Every structure is written in C-alpha cells, then in structure tokens.
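Q: 3D model of this:
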Amino acid sequence: MISDSLSNFEDDFFSWLKIFLKDKGLQFSQCGFKTKDGLGARHDFDLEAGYWREPNYSANKPPRWLYQIIQGPQGLRAQNPAGFATNLGAINTAQQDKAGVVFRLVPLIRQAPGDFVQNNSFEVHALFIFHGATPQGSSAEPLNFDPSTGAMRFKGEALGYIGCGLLGLKPRAMKIKVMEEGIERTITYGEVINALAADIRVAPVGQAAGLIPVYDLTQQTELARLKKMVADAWAAAGPVKAKAVVAVADEADNDDEEEIIPPAFLEIPENIDLLGIDPTVYRQINAALKSGKRHIMLYGPPGTGKTTLARWIATILTGGKWTLVTGSSDWSSQDIIGGYQPVGNGGVAFIPGVLLRRFDRPLIIDELNRCDIDKVIGPLFTVLSGQQTTLPYRLNIEDQASPQYVILPESKPMSREHEFAPGPHWRLIATINSIDKAALYQMVTSNYRAFCRSER
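A: Numbering: from 1, shown residues only. Predicted coordinates:
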C-alpha cells in the first residue's frame, strides 16, 4: 500500500519499537524531536558554509545530523560537511536502558558555491539499534559516527549496533524547486535519500560493511520490512548479556522523548500486527476518548488479543510509558492502592501501591477478573466518579491529629504531602475475560459508566 498523502508510518513503527524494547526492560531515544522544527538556543545553520554557524558549540551535541547535497551533471551526491567522524546527537544514557536511537538528518542542498538551502520537508531520519543497553553515561551523552566506515563510538570506545537504516518520511516523488548555478531545477525526495544512502556506510555487528539501507515509511510493506529487520537482527544477535539490561521499573523520564499529546487529539491507529480485531473496536475507543472518557475496559474470550491491544493503546497515548500488572486472587487493595507496612526499627508507615507509585501514567490491569474487584480497586470507584476519596491511613500513624491520605480525582500542581493527585496522562486500562460472568457483572454494578467498554 502506498500513502497517497504526506503522511507516513513512522509513528506506527515507534509504537511497535517501544513495546518491543519495553518487554526487554529497555527503551529508545528520539534525538532532537522535542524541539520540533526549532533547533534550540544558539544552534543555527550557516547556509554559506553548509554547516553549523558555531561548529565548536553545535557540533558537540547537535540537535540535527547535517549532510550536504551537491548538485552536478551526474545528478545529486551527498557529502559529509565535517569531513570526518562526527557527533550525530546526544541521548540520555544515565539509566543505562537505551537500546536504540533515531536521529533527525537534515540535508543542506547546495545551489552554488557558498549558497546552500534547507527545506524541512526533505528531512530524513536515521535509526540505529543496539543489542542491549548502551553503557551508562550522562543525561546528554553524544554518539560519534564515521559515515565513511560505519564505525560508532560512545565515550571514546567502540559501540556496536545490530541494525540501522535511513527512514524515508515523504513520497519519493515529492518535489521541491531549487537553483543550480542560477538556473531553477526540480529535485525529488527520492533523489536526496538515494544520494545520502550512497555516501553513508554502516557496519552492523556480524555483517560486512556496506551502504546504509533505506526504508520508505510511506509504504506499509516497508514498515513491515523495517520491523522484521529489527526483530531478525535482535534474534540473530543471541541473548543479551545480563549486565547490559538494567531494570526500568521506574522509567525515569527521557529528556529526548516526544511530547505527549492529549488523547482527545490522538487517533488510536489499527495495529496491523494484531489480527482479527474488528475495525469497529478502534472506532469505539477513539470515539470514547474524543468524548472525554479516560478509562478503558476490554472484555472478550481468552486469547483474542485484549492484552496486546491494551499495551498498544497505552503506548499510543503516552509514548510508551505505562505499567502493566496481571490480576491475582491473592491481591488486596494494598497491592494496588497501598497500606501500612513495616519500615524498620519497629516502625510502620503507609507505602503506596503500584498505582499510586506511578500515578502519572496508565495502569494496565490484565485479567482483572482474577481478583476480587471490590476489594482490590474499590477505593478507586469514588475517584473514577470524579470525587476524592479518603484512605484509612494517616500521614503519621502515631499522631491521631495527622491527616489521612487522600486520592484526588484530578491533577493538582501543588498537592500536599498526604494527597495523591493523578498526572494528566493517568488512566486505568483493564482487560476482563468475558467467560468470567461474575467479574463482568461486578464491574457493571460498581462503576461501569466510568469506562469506555469495548468487546473483543
């Protein structure tokens, strides 16, 4: 299928990659995406030199990867303006959990000596996948790459990668007009990306060095090919060394991740890898989100893709930041909400449960029917109805006058020590097996109206 507009399937790939890596306790970075079309303070292009206006500053941790496109009688050719290995950008490696990165490559097109032009619509993205996390570094650690050899370095040491590619974002036939030695001519996006691919060499681990592959993400077949490349490269690389994977249960925020967009302005696209889901399911979910519904309940027989769909929805809504737990008959409200626990030296204090610990992101409760719903999330029903609820726990257990903990129904920028306020992107996503009629009835009679319901 070929896209008939300027849209592409890159967001679909990013959503897939976030889930693929999350299952391995890892994440990936999108370098330079947070600034959108801006470059940030002090960064600017020098369109006479075809490089950065302040190379000593901008080339250290660049917000874009710059490449020159030279016009000539034989067509377009690409040229590395640095002339040697260069930093492509900087990513947050402080948590030692990054196993991939996408850089924004900006072609600077030469019209004549000392005259370059830059067009945002011809941007290309460059993907690199690592087998496990990069070594630990700072919150803005640069990655150095030599496009003449394909060698990548990190903190002065060689860094291997198992997969890579240039991601085409626009139809190859898309045209812009430029000048060549004073004469107007037309060049296409396909010509530019071909020139880049002919100059950038890569050397993935276990493979011979060669030209970087191109994936045209305006085509769905190319999206499938890209996902297959990543999955195959990961499988071929074998098990990840234990020390390379660091748990990311708390998932500290990435400075280089995309802005999270309010769900009312998002569409949950169909997951082409999840077969058998009727398109009406997606339409129901999108209509509910646009109407202001926050919480989602997916119910249906076992094995129909409810969990995969829940993860997909959470990833689209929050850029991959969510928590998933599987229901258990042993649960109580202490597991989800929290409760008194020993804290050492004979003391006892309130310890938040999994929901209140990460009250700024979706909580997916898989197979909610396996637990006693009233006992486990009963305290939340009042909150889901838009009212605050008071918990039977005090800030200081030894002080009778100490305030009790309160769960607020909405975000509160300056919440007090005993108040738990949800972040703007918190929501509850639950899956229920419809074969368990008792659990389904329990949800119907408790707080059914708070949820968007969709049957699988």
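Q: list the contacts of the residue nearest to residue 16 when sequence neighbours are not counted.
A: Spatial nearest neighbour of residue 16, chain neighbours left out: residue 227 (5.8 Å); criterion: C-beta to C-beta, 6 or more residues apart in numbering. The way it works is simple: take the backbone N, C-alpha and C, and place the C-beta from them, glycine included. Residue 227 sits next to 13, 16, 273 when contact means C-beta atoms under 8 Å, 6 or more residues apart in numbering.
Q: for ChimeraX, write the select line for the buried members of the residues you listed.
A: Buried residues within the contacts of residue 227, by 16 or more other C-beta atoms under 10 Å, are selected in ChimeraX with:
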select :13,16
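Q: quick one: which of the contacts of residue 227 sit in helices?
A: Secondary structure assignment by DSSP state H places 13, 16 of those in helices.
Q: just the element for the residue nearest to residue 16, please.
A: helix 220-237 (DSSP states H and E).
Q: let me see the backbone angles for the residue of the chain most remote from its centre.
A: In the chain, the residue that sits farthest from the middle, by C-alpha atoms, centre = their mean, is residue 400; the gap is 45.3 Å. Note on residue 400: its backbone torsions stand at phi -60, psi -20 [degrees, to the nearest 10].
Q: enumerate every residue touching it.
A: residue 394.
Q: any idea how far it lies from residue 394?
A: 8 Å (C-beta to C-beta, to the nearest Å).
Q: what about the helices in the stretch 351-456 of the chain?
A: Along the stretch 351-456 of the chain, counting by DSSP state H, counting those that start in this stretch, helices occupy 354-357, 373-384, 437-447.
Q: can you pull the poorly scored residue ranges out of this structure?
A: For the chain, applying pLDDT under 70 flags the ranges 1-6, 241-265, 436-456.
Q: tell me the centre residue of it?
A: By C-alpha atoms, centre = their mean, the most central residue of the chain is residue 319, 4.0 Å off.
Q: that one against residue 18, yeah?
A: Yes - if you go by C-beta atoms under 8 Å, residue 319 and residue 18 touch, sitting 7.1 Å apart.
Q: buried residues in the longest strand seen in the chain?
A: Ranked by residue count, the top strand of the chain under DSSP state E comes out as strand 98-112. Buried positions in strand 98-112, judged by neighbour count with 16+ other C-beta under 10 Å: 98-111.
Q: pull the most distant pair out of these.
A: The most widely separated members of these, counting by C-beta to C-beta, are 99 and 111 (39.9 Å).
Q: re earlier: whichever helix or strand comes after the helix holding residue 227: how far from the chain's middle?
A: Sequence-wise, the next helix or strand downstream of helix 220-237 (DSSP H and E) is helix 279-290. In terms of C-alpha atoms, centre = their mean, to the nearest Å, the centre of helix 279-290 is found 22 Å from the chain centre.
Q: could we number from 55 for the rest of this?
A: Fine by me, first position is 55 from now on; the one you just mentioned is helix 333-344.
Q: that older thread, looking at the buried residues of strand 152-166, which one is closest to residue 460?
A: Nearest member of the buried residues of strand 152-166 to residue 460, counting by C-beta to C-beta, is residue 152, at 37.2 Å.
Q: ok, back up a step: including distance to residue 76, could the contacts of residue 281 go into CSV?
A: Converted to CSV, the contacts of residue 281 look like this (distance: C-beta to C-beta, whole Å):
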residue, distance to residue 76
67, 15
70, 11
327, 15
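Q: re earlier: and which of the buried residues of strand 152-166 is nearest residue 415?
A: When the buried residues of strand 152-166 are compared against residue 415 (criterion: C-beta to C-beta), the nearest one is residue 152, at 18.9 Å.
Q: what's across from that closest one in the sheet?
A: Note on residue 152: beta-bridge partners by DSSP bridges are residue 81.
Q: where's it relative to residue 271, distance?
A: In terms of C-beta to C-beta, residue 152 sits 22 Å off from residue 271.
Q: what do you get for residue 431?
A: Counting by C-beta to C-beta, the gap from residue 431 to residue 271 is 40 Å.
Q: and for residue 461?
A: Using C-beta to C-beta, which is the criterion applied here, residue 461 is 42 Å from residue 271.
Q: now do residue 259
A: Taking C-beta to C-beta, one finds residue 259 at 24 Å from residue 271.
Q: those two: which is more packed in?
A: residue 271 (23 against 14; other C-beta atoms under 10 Å).
Q: what's around the nearest residue to residue 242 once chain neighbours are set aside, how many residues?
A: Nearest non-adjacent residue to residue 242, counting by C-beta to C-beta, 6+ apart: residue 229, 5.4 Å away. Number of residues near residue 229 (other C-beta under 10 Å) recorded here: 12.
Q: OK, contacts around residue 229?
A: 240, 241, 242, 243.
Q: which of these are buried, as a ChimeraX select command?
A: ChimeraX command restricting the contacts of residue 229 to the buried ones, with burial defined by 16+ other C-beta under 10 Å:
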select :241,242,243
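Q: a markdown table for the contacts of residue 229, including secondary structure?
A: Formatted as a markdown table, the contacts of residue 229 follow (DSSP: H, G, I helix; E, B strand; the rest coil):
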| residue | secondary structure |
| --- | --- |
| 240 | strand |
| 241 | strand |
| 242 | strand |
| 243 | helix |
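Q: now the two most distant members of the contacts of residue 229.
A: Of all pairs in the contacts of residue 229, the most separated under C-beta to C-beta is 240 and 243 at 11.2 Å.
Q: got the buried residues for the strand or helix carrying residue 397?
A: For residue 397, the host element (DSSP H and E) is strand 392-398. Residues of strand 392-398 classed as buried by neighbour count (16+ other C-beta under 10 Å): 392, 393.
Q: got it, and stretch 112-124?
A: Of all the residues in stretch 112-124, those buried under the rule 16+ other C-beta under 10 Å are 112, 113, 115, 116, 117, 118, 119, 120, 121, 122, 123.
Q: over to stretch 451-470?
A: 459, 460, 461, 462, 463.
Q: next: stretch 220-237.
A: So for stretch 220-237, counting by 16+ other C-beta under 10 Å, buried means 220, 221, 222, 223, 224, 225, 226, 228, 232.
Q: sort out for me which of those residues are in strands.
A: Using DSSP E, those in strands are 220, 221, 222, 232.
Q: can you put the residues you listed in CSV and add distance to residue 276?
A: Output for those, formatted as CSV (distance: C-beta to C-beta, whole Å):
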residue, distance to residue 276
220, 11
221, 9
222, 8
232, 26
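Q: looking at those residues, which one is closest to residue 87?
A: Using C-beta to C-beta, these come closest to residue 87 at residue 221, 12.7 Å.
Q: how about the closest residue in space to residue 278 that isn't next to it in sequence, what does it touch?
A: In space, residue 278 comes closest to residue 326 once its chain neighbours are excluded; the distance is 7.7 Å by C-beta to C-beta, 6+ apart. Contact analysis of residue 326 by C-beta under 8 Å, 6+ apart lists 66, 274, 277, 278.
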